[in-house]
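Trainee: all I have is the shape, not the residue letters:
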Ligand SMILES: Nc1ncnc2c1ncn2[C@@H]1O[C@H](COP(=O)(O)OP(=O)(O)OP(=O)(O)O)[C@@H](O)[C@H]1O
Ligand SMILES: [Mg+2]
């Protein structure tokens, strides 16, 4: 192929994707990082500030206390997903792939349903369910004589974050379930037969044969969870508003960024500081993904077929 | 090693009966091959023996012990699967020793047994590799090795060679035959390949639609098929069939003519029969006679030392004749066929062999 034709083909096939990707992804990213290096003035102008914004964010108590709080909350949010959502997803997938299960499609659809609902609807529904005044959670517990267990979970500083996290888990558990279920289906039946002949029961075959083969999928699910959790915003905003109450107990990076960038009530929006928060989020996610790629994925790779 | 005895075995999936009244004895140390068209229940029978499928009725006895209610691991069987079913995340040695590990065999013994199997199968240099780093033939040997280390009473093979290329298939076939001698193993083996069946088997079992049509020594099945199905299934190219009616002293083949045949009982006169003859027992020969039919050449296949002539009889039936060496026949030629009287098969209206 002559050089000219090749270049023209290259532009023809790669051009559109590159253009869309640049305009909607690379440019905003670079602009955000650049923005975080300036300081936004009252009169609307920008002054070069170097890494000053980051210094403020990390060390000036007015900024650093909310920042570290949001980061800590975000890690708790992520850990709850890792420890509840993904194991439960794995368990559901294992149950769904039982050979003699009836109503398989029904279960699959029902469990996946919340994922397809709007976050606003989910948030609203759960607020009604958990309401101390007329929520059915309280009545439900009382029916079983367990009324003393009830507390206004969403309103207490000690339990609000856990409650919101669990609601998010409930909403998204269908995704790890479906991904892992698909991976389980791809494992040939003969492999399990071979394990049966080798003397393993169903549970042992799952642990010793199937589980190692779905490690790559579980790794993928974990990194997806990490990225999604550190980009989360909507559920907290829908349930607790931008202030992420009570007393910032549910504040995560997304809500912190929102208040910083757009402003909220008495706080004025600051595009530069907002960009600095966004850049920190990018960095955290980048570090997480890198660690996964270099430390975990290589080790997992050997398990693939 | 042990004998496998199967009595009145039945198996249904829901309302579908897949195995119907299977009676089969696999003698101690013998090599039994199951053949039959796709979907006839060969794998199901094998999996029932292995204990991977619960049966609906009948008994399975291995080495004098009724095993119907025993899980696969306690039946002292080993199975080699069509897709090899090696554990992708374990190396060759771990694959072979996996079952023993779960049976709590001492580590030293596992190692010794794996080493011995590796020696027999020439797998020693590969012990630390993973299955995906092996060729198809090597994977096959590992799968066989995994069976050997269990020291089973019975080996079960489900189409073990069907994923190999032609040359490797012949090699591995020979190796399996040697292994059978070496281990004096009882083997039940499923295949689609006629040559595999004929060369490996002490006994061939022909199955069709969940029933055993005939079982016996390979050459017995070839020379004395019990019914039309077996006659048509065993042998390649397939046996020629010509429809006819028994007359006094012979068979009337309608437009194709008639053949004279001694030894038919008077009672058979008038019944509709099928005349069967293998291509190798049909000769191209000019002239007339009691066992001659005229035909038109449709196609000549030359394979070198031998060849096949496809001929159309006046009734429209297609027959195949084997030729040796060169021939001057060409498509459209008219010729006649001589049938070898000692190798004629006669099947009654119910499809059964008549004597
Ligand atoms: N789990 C199952 N559920 C329902 N029907 C089944 C099941 N397994 C097999 N069958 C049916 O049982 C019959 C026999 O299947 P089997 O696998 O034993 O055939 P086979 O002789 O091994 O065929 P092949 O030569 O193609 O491997 C088939 O008609 C098949 O559709
Ligand atoms: Mg089969």
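Mentor: Structure received. Being a predicted model, the structure only gives us computed values, none of them experimental. Ligands and ions are numbered 1, 2, ... in the order given.
Trainee: so where do the helices sit in the stretch 1-150 of chain B?
Mentor: B:42-50, B:92-102, B:107-120, B:136-149 (DSSP state H, counting those that start in this stretch).
Trainee: nearest to ligand 1, of the ones you listed?
Mentor: helix B:42-50 (3.1 Å; Cβ to the nearest ligand atom). All C-beta atoms are positioned from the backbone trio N, CA, C, and that covers glycine.
Trainee: against which helices or strands is the closest one packed?
Mentor: Applying 3 or more Cβ pairs under 8 Å, 6 or more residues apart in numbering or on different chains; DSSP states H and E, one finds that helix B:42-50 makes contact with strand B:4-13, strand B:16-26, strand B:31-35, strand B:57-62, strand B:77-80, strand B:154-158, strand B:186-190.
Trainee: let's see it at 7 Å
Mentor: Other elements packing on helix B:42-50 under the criterion 3 or more Cβ pairs under 7 Å, 6 or more residues apart in numbering or on different chains; DSSP states H and E are strand B:4-13, strand B:16-26, strand B:77-80, strand B:154-158, strand B:186-190.
Trainee: winner for burial among the ones you listed?
Mentor: Across the helices and strands packed on helix B:42-50, averaging neighbours per residue (mean count of other Cβ atoms under 10 Å in any protein chain shown) puts strand B:77-80 on top, at a mean of 27.
Trainee: same for that one, what does it pack against?
Mentor: Against strand B:77-80 (3+ Cβ pairs under 7 Å, 6+ apart) you get helix B:42-50, helix B:136-149, strand B:154-158.
Trainee: any chance of a markdown table for the ones you listed, columns mean pLDDT?
Mentor: Shown next, in a markdown table, are those (pLDDT from 0 to 100):
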| stretch | mean pLDDT |
| --- | --- |
| helix B:42-50 | 95 |
| helix B:136-149 | 92 |
| strand B:154-158 | 94 |
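Trainee: tell me which of those sits nearest to residue B:314.
Mentor: Distance to residue B:314, taken as Cβ to Cβ, is lowest for helix B:42-50 among these, at 39.3 Å.
Trainee: hmm, back to that, can you say which of the helices and strands packed on strand B:77-80 is packed in most?
Mentor: strand B:154-158 comes out most buried of these by mean count of other Cβ under 10 Å, with a mean of 25.
Trainee: list the helices and strands the helix or strand just after that strand packs on?
Mentor: Going down the chain from strand B:154-158, the next helix or strand is helix B:166-183, by DSSP states H and E. Using 3+ Cβ pairs under 7 Å, 6+ apart as the contact test, the elements touching helix B:166-183 are helix B:136-149, helix B:194-200.
Trainee: enumerate the positions of helix B:166-183 that are buried.
Mentor: Buried residues in helix B:166-183, counted by 16 or more other Cβ atoms under 10 Å in any protein chain shown: B:168-169, B:172-173, B:175-176, B:179-180, B:183.
Trainee: again, but for stretch B:53-68
Mentor: Applying 16+ other Cβ under 10 Å to stretch B:53-68 flags B:53, B:55, B:58, B:60-63, B:67 as buried.
Trainee: do stretch A:87-105 as well
Mentor: Neighbour-count burial for stretch A:87-105 [16+ other Cβ under 10 Å]: A:88-90, A:92-94, A:96-97.
Trainee: also stretch A:193-208?
Mentor: Neighbour-count burial for stretch A:193-208, counted by 16+ other Cβ under 10 Å, picks out A:193-200, A:205-206, A:208.
Trainee: and stretch A:242-249, by the same measure?
Mentor: A:242-245, A:248-249.
Trainee: ok, now stretch A:159-167?
Mentor: Buried residues in stretch A:159-167, counted by 16+ other Cβ under 10 Å: A:160-167.
Trainee: below-threshold pLDDT in chain B: ranges please.
Mentor: For chain B, the stretches with pLDDT under 70 are B:287-290, B:355.
Trainee: what does the stretch 151-300 of chain B put close to ligand 1?
Mentor: Within the stretch 151-300 of chain B, not a single residue sits near ligand 1 (Cβ under 6 Å from any ligand atom).
Trainee: distance of the residue nearest to residue B:254 when sequence neighbours are not counted from residue B:283?
Mentor: Nearest residue to residue B:254, sequence neighbours excluded (Cβ to Cβ, 6 or more residues apart in numbering or on different chains): residue B:315, at 5.8 Å. Taking Cβ to Cβ, to the nearest Å as the measure, residue B:315 falls 20 Å from residue B:283.
Trainee: can you read off the pLDDT for the residue in the stretch 151-300 of chain A that ligand 1 sits nearest to?
Mentor: Going by Cβ to the nearest ligand atom, ligand 1 is nearest to residue A:189 of the stretch 151-300 of chain A, at 9.4 Å. With respect to pLDDT, residue A:189 has a value of 91.
Trainee: what about it, how many residues nearby?
Mentor: As a burial measure, residue A:189 scores 12 neighbours (other Cβ atoms under 10 Å in any protein chain shown).
Trainee: distance of it from residue B:17?
Mentor: 22 Å.
Trainee: next: residue A:132.
Mentor: 62 Å.
Trainee: again with residue A:156
Mentor: 64 Å.
Trainee: interface residues of chain A facing chain B?
Mentor: Residues of chain A lying near chain B by Cβ under 7 Å from any Cβ of the partner chain: A:188, A:190-191, A:193-194, A:196-200, A:209, A:212-213, A:303, A:305.
Trainee: same thing but 6 Å
Mentor: Listed as neighbours of chain B in chain A under the rule Cβ under 6 Å from any Cβ of the partner chain: A:190-191, A:193-194, A:196-200, A:212, A:303, A:305.
Trainee: just give the nearest non-adjacent residue to the residue in the stretch 101-250 of chain B that chain A sits nearest to, would you?
Mentor: Among all residues of the stretch 101-250 of chain B, residue B:102 sits closest to chain A, at 4.4 Å; criterion: Cβ to the nearest Cβ. Excluding its sequence neighbours, the residue lying closest to residue B:102 (Cβ to Cβ, 6+ apart) is residue A:199, at 4.4 Å.
Trainee: so what's the one you found up against?
Mentor: Residues near residue A:199 by Cβ atoms under 6 Å, 6 or more residues apart in numbering or on different chains: B:73, B:99, B:102-103.
Trainee: burial measure for residue A:119, as a count.
Mentor: Residue A:119 has 19 nearby residues by other Cβ under 10 Å.
Trainee: point out where the stretch 151-300 of chain A drops to low pLDDT.
Mentor: In the stretch 151-300 of chain A (pLDDT under 70), no residue qualifies.
Trainee: again, 80 this time
Mentor: Filtered on pLDDT under 80, the stretch 151-300 of chain A yields the residue ranges A:245, A:297-300.
Trainee: which residues of it fall in helices?
Mentor: Using DSSP H, counting those that start in this stretch, helices in the stretch 151-300 of chain A cover A:160-172, A:174-185, A:189-197, A:202-205, A:211-230, A:234-240, A:253-262, A:271-291, A:298-301.
Trainee: number of residues surrounding the closest residue to residue A:257 other than its chain neighbours?
Mentor: Computed as Cβ to Cβ, 6+ apart, the closest residue to residue A:257 that is not its neighbour in sequence is residue A:277, at 4.5 Å. Residue A:277 has 27 neighbours, counted by other Cβ under 10 Å.
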